[in-house]
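Asker: requesting a structural model of the entry that follows:
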Amino acid sequence: MNNSLDIGKVHVRLVENGTDGLLAWATVVLENAIKLDNLAIRRSCDGSLYVTYPAKRSSSGKTHQYFHPINTQAAEAIQNAILARLASLAKAAAEPEDKKVK
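Answerer: Below you'll find the model as predicted:
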């Protein structure tokens, strides 16, 4: 059984003045069949980056996630793909203007 997760397109939208450590929103396409929207990229108090999944809070105060990985390998694969895309955007933004591909 193959446990690899085919992660296709990863799109990251940076956020200005995010709250609760919010840096950006991400969209990921899995297995060329499922699109996950509104994954949040956040910075923790210790400076590390992590991904959270969309959720709603019920009137009783309980949080219900709309979707989320069901195993550690899937969670790590998705998070690694998103953070790699964010890193590539940061690298591109840091390049001198004359070296950027137009």
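Asker: helices of this structure, residue ranges please.
Answerer: For the chain, applying DSSP state H gives helices covering 72-94.
Asker: test my guess that Gln73 contacts Leu5.
Answerer: Yes. Gln73 lies in contact with Leu5 (Cβ atoms under 8 Å); the separation is 7.4 Å. Glycine gets a C-beta too; all of them are placed from N, C-alpha and C.
Asker: can you pull out the strands in the protein?
Answerer: 7-14, 22-30, 34-43, 49-52, 55-57, 63-65 (DSSP state E).
Asker: more neighbours: Gln73 and Leu5, which one.
Answerer: Neighbours per residue (other Cβ atoms under 10 Å) separate Gln73 from Leu5, with Leu5 holding more: 17 against 12.
Asker: burial measure for the residue found closest to the more buried one once you drop the neighbours it is linked to in the chain, as a count.
Answerer: Leaving aside its sequence neighbours, Leu5 sits nearest to Ala77 (Cβ to Cβ, 6 or more residues apart in numbering; 4.7 Å). Neighbours of Ala77 under the rule other Cβ under 10 Å: 19.
Asker: same check on Glu95?
Answerer: 10.
Asker: can you pull the contacts of the closest residue to Ala74 other than its chain neighbours?
Answerer: Using Cβ to Cβ, 6+ apart and skipping residues adjacent in sequence, the residue nearest Ala74 is Leu5, 5.5 Å away. The contact partners of Leu5, by Cβ atoms under 8 Å, 6 or more residues apart in numbering, come to 30-31, 73-74, 77-78.
Asker: now Ser88: how far from Asp20?
Answerer: Computed as Cβ to Cβ, to the nearest Å, the Ser88 to Asp20 distance reads 25 Å.
Asker: higher neighbour count, these two?
Answerer: Ser88 (12 against 8).
Asker: understood, closing this out.
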